[in-house]
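K.L.:
no FASTA, just this:
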(Lines give C-alpha, C1' and ligand atoms only; values in the text may rest on other atoms or scores of the structure.)
Protein backbone atom coordinates (compact mmCIF):
# COMPACT_ATOMS: atom_id res chain seq x y z
CA UNK A 1 0.00 0.00 0.00
CA UNK A 2 0.95 3.65 -0.15
CA UNK A 3 2.64 5.38 2.70
CA UNK A 4 0.85 8.07 4.66
CA UNK A 5 2.93 10.77 3.01
CA UNK A 6 3.85 10.40 -0.69
CA UNK A 7 7.52 10.20 -1.59
CA UNK A 8 9.03 13.57 -2.38
CA UNK A 9 12.24 14.68 -3.98
CA UNK A 10 14.84 15.43 -1.27
CA UNK A 11 15.01 19.08 -0.37
CA UNK A 12 17.84 21.14 1.09
CA UNK A 13 15.91 22.25 4.17
CA UNK A 14 13.67 20.21 6.44
CA UNK A 15 10.04 20.56 5.31
CA UNK A 16 7.82 22.83 7.37
CA UNK A 17 4.58 21.62 8.92
CA UNK A 18 2.73 23.52 6.17
CA UNK A 19 4.76 21.73 3.47
CA UNK A 20 4.02 18.35 5.01
CA UNK A 21 0.34 19.16 5.35
CA UNK A 22 0.17 20.31 1.73
CA UNK A 23 1.96 17.19 0.47
CA UNK A 24 -0.26 14.72 2.32
CA UNK A 25 -2.86 14.74 -0.44
CA UNK A 26 -2.63 15.00 -4.19
CA UNK A 27 -4.25 18.19 -5.44
CA UNK A 28 -6.65 16.69 -7.94
CA UNK A 29 -10.13 17.35 -9.18
CA UNK A 30 -11.08 13.88 -7.93
CA UNK A 31 -10.29 14.92 -4.36
CA UNK A 32 -11.94 18.33 -4.67
CA UNK A 33 -15.39 16.94 -5.49
CA UNK A 34 -15.90 13.68 -3.61
CA UNK A 35 -19.07 12.00 -4.84
CA UNK A 36 -21.42 10.63 -2.18
CA UNK A 37 -21.32 6.90 -1.43
CA UNK A 38 -24.76 5.46 -0.88
CA UNK A 39 -25.24 3.89 2.55
CA UNK A 40 -26.19 0.59 0.84
CA UNK A 41 -22.80 0.49 -0.89
CA UNK A 42 -21.01 1.48 2.33
CA UNK A 43 -22.82 -1.23 4.31
CA UNK A 44 -21.88 -3.82 1.72
CA UNK A 45 -18.29 -3.43 2.93
CA UNK A 46 -16.82 -1.42 0.07
CA UNK A 47 -13.63 0.05 1.52
CA UNK A 48 -13.97 3.49 -0.02
CA UNK A 49 -14.20 7.06 1.19
CA UNK A 50 -15.86 8.92 -1.67
CA UNK A 51 -13.76 8.08 -4.72
CA UNK A 52 -10.71 7.05 -2.66
CA UNK A 53 -10.04 3.33 -2.13
CA UNK A 54 -8.80 3.17 1.47
CA UNK A 55 -7.16 -0.20 0.78
CA UNK A 56 -4.36 1.64 -1.04
CA UNK A 57 -3.09 3.06 2.28
CA UNK A 58 -0.89 1.07 4.66
CA UNK A 59 -2.70 2.50 7.71
CA UNK A 60 -6.10 1.09 6.66
CA UNK A 61 -6.90 -2.32 8.18
CA UNK A 62 -10.50 -2.99 7.07
CA UNK A 63 -12.64 -4.84 9.61
CA UNK A 64 -9.92 -5.27 12.24
CA UNK A 65 -11.58 -5.74 15.65
CA UNK A 66 -11.09 -3.24 18.47
CA UNK A 67 -9.13 -5.66 20.66
CA UNK A 68 -6.77 -6.62 17.83
CA UNK A 69 -6.30 -2.94 16.95
CA UNK A 70 -5.52 -2.19 20.59
CA UNK A 71 -2.86 -4.94 20.70
CA UNK A 72 -1.21 -3.66 17.50
CA UNK A 73 -1.11 -0.06 18.73
CA UNK A 74 0.12 -0.98 22.24
CA UNK A 75 3.32 -2.40 20.70
CA UNK A 76 3.90 0.73 18.59
CA UNK A 77 5.42 4.10 19.57
CA UNK A 78 3.38 7.06 20.83
CA UNK A 79 1.62 8.73 17.89
CA UNK A 80 1.01 5.36 16.19
CA UNK A 81 -2.35 5.08 14.44
CA UNK A 82 -4.45 2.93 12.16
CA UNK A 83 -7.87 3.30 10.55
CA UNK A 84 -10.43 0.50 10.63
CA UNK A 85 -14.09 -0.13 9.93
CA UNK A 86 -16.37 0.18 12.95
CA UNK A 87 -18.16 -2.99 14.05
CA UNK A 88 -21.37 -0.96 13.60
CA UNK A 89 -21.22 1.99 11.19
CA UNK A 90 -18.40 4.36 10.30
CA UNK A 91 -14.61 4.41 10.59
CA UNK A 92 -12.48 4.28 13.73
CA UNK A 93 -9.03 5.79 14.21
CA UNK A 94 -7.18 3.81 16.87
CA UNK A 95 -4.11 5.65 18.13
CA UNK A 96 -1.60 5.91 20.97
CA UNK A 97 -1.56 9.25 22.78
CA UNK A 98 1.63 11.23 23.22
CA UNK A 99 0.92 11.99 26.89
CA UNK A 100 1.42 8.59 28.46
CA UNK A 101 0.75 6.23 25.58
CA UNK A 102 -2.93 5.46 26.23
CA UNK A 103 -4.72 3.73 23.34
CA UNK A 104 -7.87 5.54 22.19
CA UNK A 105 -10.50 4.58 19.61
CA UNK A 106 -12.21 7.52 17.87
CA UNK A 107 -15.40 6.76 15.94
CA UNK A 108 -16.26 8.87 12.88
CA UNK A 109 -19.65 8.48 11.21
CA UNK A 110 -20.74 9.84 7.86
CA UNK A 111 -23.70 12.21 7.79
CA UNK A 112 -25.96 11.31 4.85
CA UNK A 113 -27.17 14.94 4.66
CA UNK A 114 -23.87 16.66 3.87
CA UNK A 115 -21.73 13.55 3.22
CA UNK A 116 -19.14 14.63 5.81
CA UNK A 117 -17.41 12.66 8.57
CA UNK A 118 -18.25 13.67 12.17
CA UNK A 119 -17.24 12.50 15.62
CA UNK A 120 -19.59 12.67 18.56
CA UNK A 121 -20.38 16.06 20.03
CA UNK A 122 -18.31 18.03 17.54
CA UNK A 123 -19.92 20.46 15.07
CA UNK A 124 -17.18 20.40 12.41
CA UNK A 125 -17.44 17.80 9.65
CA UNK A 126 -14.60 16.56 7.46
CA UNK A 127 -14.74 15.85 3.73
CA UNK A 128 -12.62 12.70 3.96
CA UNK A 129 -10.62 10.45 6.25
CA UNK A 130 -7.48 11.93 4.68
CA UNK A 131 -8.65 15.41 5.71
CA UNK A 132 -9.04 14.16 9.31
CA UNK A 133 -5.55 12.64 9.32
CA UNK A 134 -4.14 15.88 7.87
CA UNK A 135 -5.92 18.04 10.46
CA UNK A 136 -4.64 15.97 13.40
CA UNK A 137 -1.24 15.11 11.92
CA UNK A 138 0.41 16.06 15.23
CA UNK A 139 -1.54 13.26 16.99
CA UNK A 140 -1.35 10.66 14.21
CA UNK A 141 2.36 10.55 13.34
CA UNK A 142 3.27 6.86 12.90
CA UNK A 143 1.07 4.83 10.57
CA UNK A 144 0.81 1.18 11.65
CA UNK A 145 1.08 -0.89 8.48
CA UNK A 146 -1.48 -3.52 7.57
CA UNK A 147 1.41 -5.60 6.17
CA UNK A 148 -0.52 -6.05 2.94
CA UNK A 149 -3.39 -7.78 4.78
CA UNK A 150 -6.80 -6.11 4.95
CA UNK A 151 -9.82 -7.76 6.60
CA UNK A 152 -12.30 -7.36 3.74
CA UNK A 153 -15.53 -8.58 5.34
CA UNK A 154 -17.35 -7.75 8.56
CA UNK A 155 -16.87 -10.56 11.11
CA UNK A 156 -19.97 -12.53 12.13
CA UNK A 157 -21.71 -11.40 15.33
CA UNK A 158 -20.41 -13.24 18.39
CA UNK A 159 -17.09 -13.95 16.70
CA UNK A 160 -13.67 -13.12 18.14
CA UNK A 161 -13.63 -9.70 16.50
CA UNK A 162 -15.03 -7.74 19.44
CA UNK A 163 -13.20 -5.66 21.97
CA UNK A 164 -14.16 -2.34 23.45
CA UNK A 165 -11.57 0.27 24.13
CA UNK A 166 -12.06 3.76 25.44
CA UNK A 167 -13.70 6.02 22.91
CA UNK A 168 -12.61 9.64 22.95
CA UNK A 169 -12.86 12.76 20.87
CA UNK A 170 -10.08 13.10 18.33
CA UNK A 171 -9.27 16.64 19.39
CA UNK A 172 -7.14 15.42 22.29
CA UNK A 173 -6.63 17.86 25.12
CA UNK A 174 -8.44 18.42 28.38
CA UNK A 175 -9.81 15.71 30.61
CA UNK A 176 -9.20 12.73 28.40
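P.N.:
Cool, got the structure. Predicted model only: the values in this text are computed from it and were never measured. Residues are numbered from 1 along each chain as shown.
K.L.:
where do the helices sit along this structure?
P.N.:
Listed in chain order, the helices of the chain (DSSP state H) span 17-23, 29-32, 39-43, 66-74, 129-135.
K.L.:
The biggest strand by length in the chain pairs with which strands, parallel or anti?
P.N.:
Ordering each strand of the chain by length in residues (DSSP state E) puts strand 103-110 first. Sheet pairing of strand 103-110 (DSSP bridges) gives strand 91-96 (antiparallel), strand 117-119 (antiparallel), strand 166-167 (parallel).
K.L.:
Select, out of the ones you listed, the one closest to residue 48.
P.N.:
strand 91-96 (11.0 Å; CB to CB). For the C-beta atoms, the positions are set from N, CA and C on the backbone; glycine is no exception.
K.L.:
hang on, the earlier thing: make TSV out of the strands paired with strand 103-110 and add mean pLDDT and mean neighbour count.
P.N.:
Putting those into TSV (pLDDT from 0 to 100; neighbours: other CB atoms under 10 Å) gives the following:
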stretch	mean pLDDT	mean neighbour count
strand 91-96	96	24
strand 117-119	94	19
strand 166-167	40	12
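K.L.:
Tell me where the chain is predicted with low confidence.
P.N.:
The model of the chain has pLDDT under 70 over residues 1-46, 157-176.
K.L.:
how does it look with 90?
P.N.:
Within the chain, the segments meeting pLDDT under 90 span 1-47, 50-51, 87-89, 112-113, 120-123, 152-176.
K.L.:
beta partners for residue 104?
P.N.:
residue 95, residue 166.
K.L.:
Might one say that it is in contact with residue 94?
P.N.:
Yes. Taking contacts as CB atoms under 8 Å, residue 104 lies within contact range of residue 94: 7.3 Å.
K.L.:
ok, and what's touching stretch 140-148?
P.N.:
If you take CB atoms under 8 Å, 6 or more residues apart in numbering as the criterion, stretch 140-148 is touched by 1, 3-4, 57-62, 72-73, 76-77, 79-82, 93, 95, 133.
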